[in-house]
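1. Quick check, what structure comes out for this input:
(2 chains)
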Amino acid sequence: MIDNLLLGFQTALTPGNLLWCLVGVLLGTIIGLLPGLGSTTGVAVLLPLTLTFEPVSALIMLAGIYYGSQYGGTITSVLISTPGEAASVVTTFDGYQMARKGRAGAALSIAAIGSFVAAIFSLLLLCALAPPFARFAVNFGPPENLAVMILGLATIISFSGESKLKGLSMATAGILLACVGADAGSGVGRFTFGQVDLLSGIPFVQVMIGLFAVGEVLYQIRQGAAAPLRARFRDLMITRAELARSRGAIARGSVIGFLLGCLPGAGSTLASFMAYGIEKRVSTHKDEFGKGAIEGVAAPESANNAAANANFVPTLALGIPGGGTTAVLLGAFTIYGIQPGPLLFEEQPDLVWGLLASFFIGNVLLLVLNLPLAPLFAQLLRIPYGYMYPLILLTSFVGAYSIDNNLFSVWLVFVFGVVGYLLKRLDLPMAPLVLGLVIGPLFEKALVQTSAMGDGDLTFILQRPLSLVILVGAVALLAVPAVLKRRRAHERADHPAGGPGAGGDLQPARPAQRDDVGDV
Amino acid sequence: MKAIAYAVLACLGVAFFAGSFGYRVLLEHGQVGPGFLPMAAGALLAVLNVVLLFQEVRQRRPEPEPAADELDIHGRTSRQRARMLWWVYGLTLAALLLVPIAGFLLSLGLLVLVISTVIERRPVPASLAVTALSVAVIYLVFVLFLEVPLPMGVLETS
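-> Predicted coordinates for the structure are as follows:
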């Protein structure tokens, strides 16, 4: 592997390739800042610009756009609660709350550091384990994919605070919204009411912009204007204590991100949601989640970056795209006459290892650029909200239109903006709704395929060892906390206040007070 | 208010459940058809929200009314903020309806200007500068660089 990496660095460190890597991460960051334009759109829009390049230079630049735009999306998630992609939705929960408390610089810094560590960790694994991981991923058929999605839903429901019923209800509503449009299996148009625009379904990017950006604007107007940021520049920097708190979250997020990112289709979104859910469970600062816990930014940001790199495992080793952007990149490979697959590592070592080495360089560039820039970006919050929110509305609507050049997208943003406002006012969690909408089509596809494999018998999913293990994990995730809670209640009853066992919980007992801390 | 939301969601679930029978719920050999997921998810949504509705009604507490003198940093009362919300909502709706006629940049630029000057009572010169700058940036990035065909309305015809 070392020889291959050296060969890769020889290719990637040429002045030309270094320049294209820098251009890629810069363009990616700018694209990520624009609502509606995620990495997939960015790579697709800029692909024609690279047609005259050497294949390796073109791929290096396009990959730079991919991970650069993810960081750009993080900036808007933290500063104005506008996620660029579904994978950045989780970052808004604590990142935006940190920004409201004058800690936007710290949130952006930990996102950059977490993303960098996760990227390097996942790249090392990618270099070492791509072929065996790819072979493992092939074992994931529809039943296993269905089980992973059930696990993802269980995770998000489990971290919907005390109101698990509300979380499940919102996730179900998201899945129902995903049922609108042509059915993946038969192509039958469902619940479209004759509207051509609805045939392709309710697009989640527009829903996300509406719920989070426009919904937040309306909510802030109703709640009362927040004071513009008054923090000194040095107060915007991340502290040693915050770094120390984030270590575990970054490590766990990286591992979760890599494992889920290797699976074709599961993607970064599920990884970021699961990393957040698990972090909320294991953190010693549970009570801060949803109110500006730095771990709540570090874990999902690390996870989605690790997953973005791991997406290249099935893409390079099998020729199966791991996600939307890698699907576009796969198209770029074929444009340059390169056939991804098991033989790619042997037939084009300089290209593959040059690309992988450029990931290291690109992530170093992103860290070097963004760490000092994080407090500068945070200065945007000095703009009075009276100017800021009309601009958020303007960019949200223009961004939504630019996704498919259709006014229908703009109306969707408007409608879901009102829905987002109402959900916030009513304290109903939005994250399960988005996750349901994102994984709904994949969930249905896996359900239909599993049903076909089992000849109509859905218990077929229980006959596959891997899917059975994952389902047991999902049940444990929902059942174990309930069992533990009941046991603690019994212990409290046996040992009244002041007696042994009364102080055994991580959180102090607060009877007669609903514990909604960190609801999403 | 919450009870109404649960009732609406329960009705939505029932509507999806009922509508799913218009498609095939099961195919030959009992395989999952296009109506299966809407049927199952619709039923689940309805049941969950009926449970939530009952919980809400049973534990009904009077909703805390925001205090009339609860002022924000600009000294605006809760009632004034509610009025502002309606105004922003209405102005946004009007701006979007105006897009086919006046075009994207003109109607949304006007929205930015009206909100910052009339609703937020910001100084007119500063609001004009912010509006002009933002419209110029949007034009440069989306129209010139990304070549997004934003509807231009009257600007296009002229």
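
2. gap between the two ends of stretch A:308-327?
-> Start-to-end span of stretch A:308-327 (C-alpha to C-alpha, to the nearest Å) is 12 Å.

3. Residue 10 sits in which helix or strand?
-> The chain I'm using is chain A. helix A:2-12 (DSSP states H and E).

4. my bad, chain B
-> Going by DSSP H and E, B:Ala10 is in helix B:2-20.

5. That helix and chain A in contact?
-> Yes: under the criterion of C-beta under 8 Å from any C-beta of the partner chain, chain A is reached by helix B:2-20 at B:2, B:5, B:9, B:12-13, B:16, B:19. Placement of C-beta: from N, CA and C, glycine included.

6. rewinding a little: counting contacts, what elements does whichever helix or strand comes after the helix holding A:Gln10 pack onto?
-> The helix or strand immediately downstream of helix A:2-12 is helix A:15-33, counting by DSSP H and E. Helix A:15-33 is packed against helix A:2-12, helix A:39-46, helix A:55-80, helix A:349-378, with contacts defined by 3 or more C-beta pairs under 8 Å, 6 or more residues apart in numbering or on different chains; DSSP states H and E.

7. In helix A:15-33, which of the residues would be classed as buried?
-> Within helix A:15-33, the residues scored as buried using 16 or more other C-beta atoms under 10 Å in any protein chain shown are A:17-18, A:20-33.

8. same check, this time on stretch A:190-207
-> A:190-192, A:197-198, A:201-207.

9. Residues in contact with that stretch: which ones?
-> A:36, A:38, A:85-86, A:177-183, A:189, A:400, A:403-404, A:406, A:408-409, A:412-413, A:416, A:434, A:437-438, A:441, B:16, B:19, B:23, B:34-35, B:38 (C-beta atoms under 8 Å, 6 or more residues apart in numbering or on different chains).

10. could you flag which of those residues are buried?
-> Applying 16+ other C-beta under 10 Å to those flags A:36, A:38, A:85-86, A:177-183, A:189, A:400, A:403, A:408-409, A:412-413, A:416, A:434, A:437-438, A:441, B:16, B:19, B:23, B:34-35, B:38 as buried.

11. Keep only those of these that are in helices.
-> Judged by DSSP state H, the buried ones among the contacts of stretch A:190-207 include A:177-178, A:400, A:403, A:408-409, A:412-413, A:416, A:434, A:437-438, A:441, B:16, B:19, B:38 as members of helices.

12. Now do the contacts for residue 47.
-> Reading this off chain A. Contacts of A:Leu47 by C-beta under 8 Å, 6+ apart are A:62, A:328, A:331-332, A:335.

13. hm, I was asking about chain B
-> Residues near B:Val47 by C-beta under 8 Å, 6+ apart: B:Gly13.

14. do you know how far the residue nearest to B:Leu52 when sequence neighbours are not counted is from A:Leu428?
-> Nearest residue to B:Leu52, sequence neighbours excluded (C-beta to C-beta, 6 or more residues apart in numbering or on different chains): B:Tyr6, at 4.6 Å. Here B:Tyr6 is placed at a distance of 9 Å from A:Leu428 (C-beta to C-beta, to the nearest Å).

15. again with B:Leu98
-> Relative to A:Leu428, and taking C-beta to C-beta, B:Leu98 is found at 32 Å.

16. Can you pull the phi/psi pair for A:Gly456?
-> Per-residue torsions, A:Gly456: phi 90, psi -10 (degrees, to the nearest 10).

17. Ramachandran angles for the closest residue to it other than its chain neighbours?
-> With C-beta to C-beta, 6+ apart as the criterion, A:Gly456 has its nearest non-adjacent residue at 3.1 Å, and that residue is B:Gly30. The phi and psi values for B:Gly30, taken as degrees, to the nearest 10, are phi 70, psi 20.

18. pretty sure B:Gly30 is touching A:Gly454, no?
-> No: with contacts counted by C-beta atoms under 8 Å, B:Gly30 stays clear of A:Gly454, the gap being 9.4 Å.

19. Of the two, which one has the most company?
-> Set side by side, B:Gly30 and A:Gly454 show more neighbours around A:Gly454, with 21 against 13, by other C-beta atoms under 10 Å in any protein chain shown.

20. Tell me the predicted confidence for that one.
-> On the pLDDT scale, A:Gly454 is placed at 85.

21. go on, A:Tyr336?
-> 78.

22. Which residue is the nearest non-sequential neighbour of A:Ser409?
-> Using C-beta to C-beta, 6+ apart, the nearest residue to A:Ser409 is A:Ala400, at 4.4 Å.

23. Identify the residues contacting that neighbour.
-> A:35-36, A:205-206, A:209-210, A:409-410, A:412-413.

24. center of chain B, which residue is that?
-> Note on chain B: the residue nearest the mean C-alpha position is B:Tyr89, at 8.7 Å, using C-alpha atoms, centre = their mean.

25. roughly how far apart are whichever residue of the stretch 151-300 of chain A sits closest to chain B and A:Glu85?
-> Of all residues in the stretch 151-300 of chain A, A:Gly224 sits closest to chain B, at 2.8 Å by C-beta to the nearest C-beta. Distance, A:Gly224 to A:Glu85, by C-beta to C-beta: 30 Å.
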